[in-house]
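Engineer: pasted the sequence and its predicted model underneath.
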Amino acid sequence: METVSTATYDVHFTEVAKATIQQYLRNSTHSKVFVLVDTNTKNSCLSLFKELAGFTLDNIIEIKPGEEHKTIATCLQVWQQLSDLGADRKSLLINLGGGVVTDLGGFVASTYKRGIAFINIPTTLLAMVDASIGGKTGVDLGVLKNQIGVINQPVMVLVIPEFLNTLHKRQIKSGFAEMLKHGLISDSKYWSELINAEDFSSIGYIQKSVAIKNIVVQQDPTEKGIRKKLNFGHTIGHAIESYFLDNPDLKTLLHGEAIAIGMILEGYFSHELCGLSRVDLNEIKKVFLDNFEKVSFANQDIEIIIDLLKHDKKNTHGDINFVLLQEIGSTLLDVKVPAELFAKAFAYYKE
């Protein structure tokens, strides 16, 4: 499987991805081609991309790395640079980077001159299996995750595994959390394969995760129903991520690390409310704590995190809505969780 096809674009892998970008740029009618990178991908990935592209790129636009720079202020800088460099409605923006670059770059392209074409070339495991797929673009509002954005599809997504060689082990593990989520929400067999895998970042597992996400997205591109299942672990996970972003004295949590905690906590809700067995709950907890360091939460931390939940994008009419598990591989949508379960879930996590 060298290509996964969506309704409007293709995700190409490995050698097919390399051949596709070369052919596309050679035959391109775009007025100018821009590449968006952050400092890390400029230093670690840009030279390899230039070699693979075999094409003269018009301009490289660089942003600062990290979730704290996934803001409208950064978008303003990129929009201004595009304008200063003569980008028009026929220009192309190639987003070369992790989830921050593909999310922000997709949003910039979707809004510049009411929309220019963009290609995502993810360089992290997290972006390869999740962030660059599905058309969600956007930025944070303060520390609140992904509050501003649009759903708009790229021209294509190119998954080139050599970029993973530039990552630290912690970054690889962050992507693993999203892959495990794909198993939990859709495929118990895939979950079992992943937790026993010698190399979960191999191309076969990446392709499987992309295929699972694509099946869900194609059924519900604008997240009116079943696509919500991809948010398992993210409702409280995003609140945890936001809390750590807002407290520079605390150790920074990567997205996958926050979501791993979220999946344990929401797994507890699933056990209490939706019939997830205690055996499955304990397995979920063990798998995530075997792969991700346990984080300490004081009572005051938990109170602030619960307050941040009010800003989650999936909330409606003042209700906090969760995606929970009936069993590994099966979900329930829009479940409301009683307030008294939050403290109990954190207590379970800390046991």
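Structural biologist: Right, received. Where do you want to start?
Engineer: for the protein, which segments count as strands?
Structural biologist: 3-5, 10-13, 33-38, 59-63, 92-97, 117-122, 136-141, 144-151, 156-159, 321-327, 330-336 (DSSP state E).
Engineer: dump those strands to a markdown table, plus mean neighbour count.
Structural biologist: Every C-beta, even on glycine, is put in place using the N, C-alpha and C of the backbone. Conversion of those to a markdown table gives the following (neighbours: other Cβ atoms under 10 Å):
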| stretch | mean neighbour count |
| --- | --- |
| strand 3-5 | 15 |
| strand 10-13 | 22 |
| strand 33-38 | 24 |
| strand 59-63 | 18 |
| strand 92-97 | 28 |
| strand 117-122 | 26 |
| strand 136-141 | 22 |
| strand 144-151 | 17 |
| strand 156-159 | 26 |
| strand 321-327 | 22 |
| strand 330-336 | 16 |
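Engineer: for residue 247, which of the ones you listed is the nearest?
Structural biologist: Comparing the strands of the chain against residue 247 with Cβ to Cβ, the closest turns out to be strand 144-151 (14.3 Å).
Engineer: ok so, going back, any chance of the strands of the chain in JSON lines, plus distance to residue 21?
Structural biologist: What follows is the strands of the chain, written out as JSON lines (distance: least, Cβ to Cβ, whole Å):
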{"stretch": "strand 3-5", "distance to residue 21": "13"}
{"stretch": "strand 10-13", "distance to residue 21": "8"}
{"stretch": "strand 33-38", "distance to residue 21": "11"}
{"stretch": "strand 59-63", "distance to residue 21": "16"}
{"stretch": "strand 92-97", "distance to residue 21": "8"}
{"stretch": "strand 117-122", "distance to residue 21": "8"}
{"stretch": "strand 136-141", "distance to residue 21": "20"}
{"stretch": "strand 144-151", "distance to residue 21": "24"}
{"stretch": "strand 156-159", "distance to residue 21": "6"}
{"stretch": "strand 321-327", "distance to residue 21": "35"}
{"stretch": "strand 330-336", "distance to residue 21": "35"}
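Engineer: quick one: which of those strands is nearest residue 241?
Structural biologist: strand 144-151 (6.3 Å).
Engineer: need the strands of the chain in CSV with distance to residue 351 and mean pLDDT, can you?
Structural biologist: CSV is the format used below for the strands of the chain (distance: least, Cβ to Cβ, whole Å; pLDDT from 0 to 100):
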stretch, distance to residue 351, mean pLDDT
strand 3-5, 40, 93
strand 10-13, 40, 96
strand 33-38, 38, 97
strand 59-63, 41, 97
strand 92-97, 38, 98
strand 117-122, 36, 98
strand 136-141, 32, 96
strand 144-151, 27, 93
strand 156-159, 38, 97
strand 321-327, 19, 96
strand 330-336, 23, 95
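Engineer: among the ones you listed, which is nearest residue 255?
Structural biologist: The stretch from these with the least distance to residue 255 (Cβ to Cβ) is strand 144-151; that distance is 8.7 Å.
Engineer: so in that sheet, which strands flank that closest one, and in what orientation?
Structural biologist: Strand pairing for strand 144-151, using DSSP bridges, gives strand 136-141 (antiparallel).
Engineer: off-centre distance for the partner strand?
Structural biologist: How far strand 136-141 lies from its chain's middle: 11 Å, per Cα atoms, centre = their mean, to the nearest Å.
Engineer: cool, thanks, signing off.
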